[in-house]
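Engineer: kindly return the folded structure for what I paste below:
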Amino acid sequence: MRLEDWGFEVRLASDGFQAKNIVESYEPDIVISDAVMPEISGLELLRTLKEGDAARPVILITAHGSVDMAVEAMKQGARDFITKPLDYSKLRAVLGAAERDLKERQAARKLASQLERAPGFMSFVGTSKQMREVYDLIRAVASSDAFVLITGESGTGKELVARTVHELSSRVNGPFVAINAAAIPHELMESEIFGHEKGAFTGAVGVRAGCFELASQGTLFLDEIAEMPLALQPKLLRVLEDGRVRRLGGRQEFGFDVRVVSATNRDPANAIKEGNLRQDLFYRLNVFTIRLPPLRDRRADIPLLAQFFLSEYSRKHGAGVEGLREETLAILKEYAWPGNVRELRNMMERAVILARGEWIEPHHLPPYIQNPSDDATSKIVLPANTTAAEAEKELILRTLERVGNNKAEAARQLEVDVKTIRNKLKSYGLE
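Structural biologist: As a prediction, the model looks like this:
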């Protein structure tokens with residue numbers, strides 16, 4: 001038999017009833033059935049088989065093919081509809097595609113099963129050696145009240161580490177307050193951290209508690225600490241040393257009970273050297289350091305992360321996406337991921353929306369990921385008469401676009417202060 005010559009193990013049934021019995025006992029991966037059979041037609045058998053296993057490929061064959069019958073077969077879930085006399089090259093191609101789907105479906109279900117059983121740690125997804133070391137550090141520091149400094153590139157999950165430390169600590173029933181030094185204008189930063197009394201400055205129409213008060217008996221997360229104004233850093237250091245804070249315009253000092261976790265996407269040593277981070281503040285914050293690896297250094301986690309985001313966004317958007325094609329996953333593993341897990345998450349949502357079938361194909365990925373060597377976002381072509389100011393604006397805006405509008409990361413990549421980015425955006429009328 002030709003199917004056996006192609007490497008398939010074959011079971012034969014003389015009619016639809018026998019076919020149903022064989023399917024129940026043998027559970028074949030693929031079913032090939034004639035469309036016209038006595039008592040039970042091929043379409044009836046197809047419906048029965050799909051009720052038992054909707055993912056099983058069923059191929060219908062007939063000598064009396066019609067467009068209507070073919071359309072109905074495909075609507076009922078047939079993998080393909082082939083007319084006699086058989087075109088064996090077409091049949092072999094259809095079987096090859098079905099085999100491929102079965103293999104990739106098994107891989108997707110294996111990942112989904114792993115996500116249900118042991119995806120990583122707490123809210124983290126990933127089982128690579130690098131991440132297991134991070135999990136061990138999180139467990140160790142969570143049991144104490146010591147200050148923690150989290151380092152890592154933008155998009156690696158620094159806030160998730162901070163939240164996990166909080167959730168595993170004795171302060172879990174207290175508040176978790178996050179403040180991003182790169183996202184708050186410098187002139188408002190002191191008020192955000194320390195709070196203010198009514199009339200402390202123009203616009204202070206009421207009393208406002210600072211983040212140390214708001215985080216009382218909980219955890220305060222100071223994100224992008226190296227972007228905090230240098231003049232404010234010694235004031236923060238004093239508050240951390242004394243355990244007391246005074247609102248702007250106030251006379252009374254308040255004691256607080258807060259665990260401080262901070263983070264930066266810069267190398268702390270370089271931030272100190274460049275004058276963006278005071279050394280004494282760094283030493284106070286850096287009792288424990290947790291360094292998050294970039295995604296390119298933990299590529300083994302990419303399949304699990306991709307499946308996690310695929311499942312999440314498939315549910316969110318009501319899509320029936322099952323998994324990624326093998327070649328799609330190969331592309332994801334090769335890409336450098338400058339935006340790390342955040343970039344992968346956003347890309348997977350885009351791919352799920354574009355995919356109208358069960359699989360994410362390579363063409364569902366952005367062009368710069370499909371062909372990183374031809375990445376248009378890495379090149380900026382300017383007209384010959386462009387001024388230096390126009391070129392600077394284009395560079396800043398393109399960099400911000402590439403890093404998801406993260407000003408701190410854009411400043412790091414352009415090797416300028418985040419304040420420079422803010423000032424430029426204000427001059428462009430964009431902030």
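
Engineer: tally of neighbours for the closest residue to T151 other than its chain neighbours?
Structural biologist: In space, and not counting its chain neighbours, T151 is closest to R291: 4.9 Å by C-beta to C-beta, 6 or more residues apart in numbering. Where you see a C-beta, it was placed from the backbone N, CA and C, and this is true even at glycine. Neighbourhood size, R291 [other C-beta atoms under 10 Å]: 13.

Engineer: surely R291 meets G152?
Structural biologist: Yes. In this structure, R291 is within contact of G152 by C-beta atoms under 8 Å, at 6.1 Å.

Engineer: endpoint to endpoint, stretch 217-232 covers what distance?
Structural biologist: The straight-line separation of the ends of stretch 217-232 (C-alpha to C-alpha, to the nearest Å) is 24 Å.

Engineer: list the contacts of N265.
Structural biologist: 151-154, 158, 224, 408-409, 412 (C-beta atoms under 8 Å, 6 or more residues apart in numbering).

Engineer: which secondary structure elements does the helix or strand bottoming out on mean pLDDT in the chain sit against?
Structural biologist: For the chain, the helix or strand with the lowest mean confidence is helix 67-75, at a mean of 75 (criterion: mean pLDDT, DSSP states H and E). Judged by 3 or more C-beta pairs under 8 Å, 6 or more residues apart in numbering; DSSP states H and E, helix 67-75 is in contact with helix 42-52, strand 80-83.

Engineer: looking at the ones you listed, which is nearest to E167?
Structural biologist: helix 42-52 (42.7 Å; C-beta to C-beta).

Engineer: other SSEs contacting the closest one?
Structural biologist: helix 16-26, strand 31-34, strand 58-62, helix 67-75.

Engineer: can you list the strands that the second one pairs with?
Structural biologist: For strand 31-34, the paired strands and their directions (DSSP bridges) read strand 58-62 (parallel).

Engineer: can you list the neighbours in contact with the partner strand?
Structural biologist: Residues contacting strand 58-62 (C-beta under 8 Å, 6+ apart): 30-36, 42-43, 45-46, 49-50, 69, 73, 77-84, 86, 91, 94-95, 98.

Engineer: same question for stretch 197-208.
Structural biologist: Applying C-beta under 8 Å, 6+ apart, the contact partners of stretch 197-208 are 191, 195-196, 247-250.

Engineer: now do stretch 228-248
Structural biologist: The contact list for stretch 228-248 (C-beta under 8 Å, 6+ apart) reads 147, 181, 186, 189-191, 193-197, 200-201, 204, 207-210, 212-213, 222, 252-256, 260, 275-278, 280-281, 284-285, 419.

Engineer: can you check stretch 257-264 too?
Structural biologist: Residues outside stretch 257-264 that contact it (C-beta under 8 Å, 6+ apart): 145, 147-152, 158-159, 161-162, 165-166, 169, 171, 212, 215-227, 240, 271, 277, 285.

Engineer: how about that stretch: buried residues?
Structural biologist: Judged by neighbour count (16 or more other C-beta atoms under 10 Å), stretch 257-264 contains these buried residues: 258-264.

Engineer: go on, stretch 35-49?
Structural biologist: For stretch 35-49, a neighbour-count test (16+ other C-beta under 10 Å) marks 35, 37, 40-43, 45-46, 49 as buried.

Engineer: hmm, back to that, per-residue confidence at the residue nearest to T151?
Structural biologist: Here the pLDDT value assigned to R291 is 96.

Engineer: any idea how far the strand or helix carrying L304 is from the middle of the chain?
Structural biologist: When elements are assigned from DSSP states H and E, L304 belongs to helix 302-316. Centre-to-centre, helix 302-316 and its host chain are 8 Å apart (C-alpha atoms, centre = their mean, to the nearest Å).

Engineer: so E39 versus G16, what's the distance?
Structural biologist: Distance, E39 to G16, by C-beta to C-beta, to the nearest Å: 6 Å.

Engineer: now do K393
Structural biologist: Separation of K393 from G16 (C-beta to C-beta): 70 Å.

Engineer: look at the two and report which has more neighbours.
Structural biologist: A direct count of neighbours by other C-beta under 10 Å for K393 and G16 places G16 higher, at 20 against 17.

Engineer: residues contacting the more buried one?
Structural biologist: Shown in contact with G16 (C-beta under 8 Å, 6+ apart): 33, 37-42, 44-45.

Engineer: for the residue lying closest to it once chain neighbours are set aside, what are phi and psi?
Structural biologist: Nearest non-adjacent residue to G16, counting by C-beta to C-beta, 6+ apart: I40, 2.9 Å away. With angles defined as degrees, to the nearest 10, I40 sits at phi -120, psi 120.

Engineer: so I40 touches F17, yeah?
Structural biologist: Yes. Look at I40 against F17 with C-beta under 8 Å: they come within range, at 6.3 Å.

Engineer: in TSV: the helices and strands packed on helix 42-52, plus distance to R345.
Structural biologist: What follows is these, written out as TSV (distance: least, C-beta to C-beta, whole Å):
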stretch	distance to R345
helix 16-26	40
strand 31-34	38
strand 58-62	36
helix 67-75	34
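
Engineer: of all those, which one is nearest Y135?
Structural biologist: Ranking the helices and strands packed on helix 42-52 by distance to Y135, with C-beta to C-beta as the measure, places helix 16-26 first at 43.7 Å.
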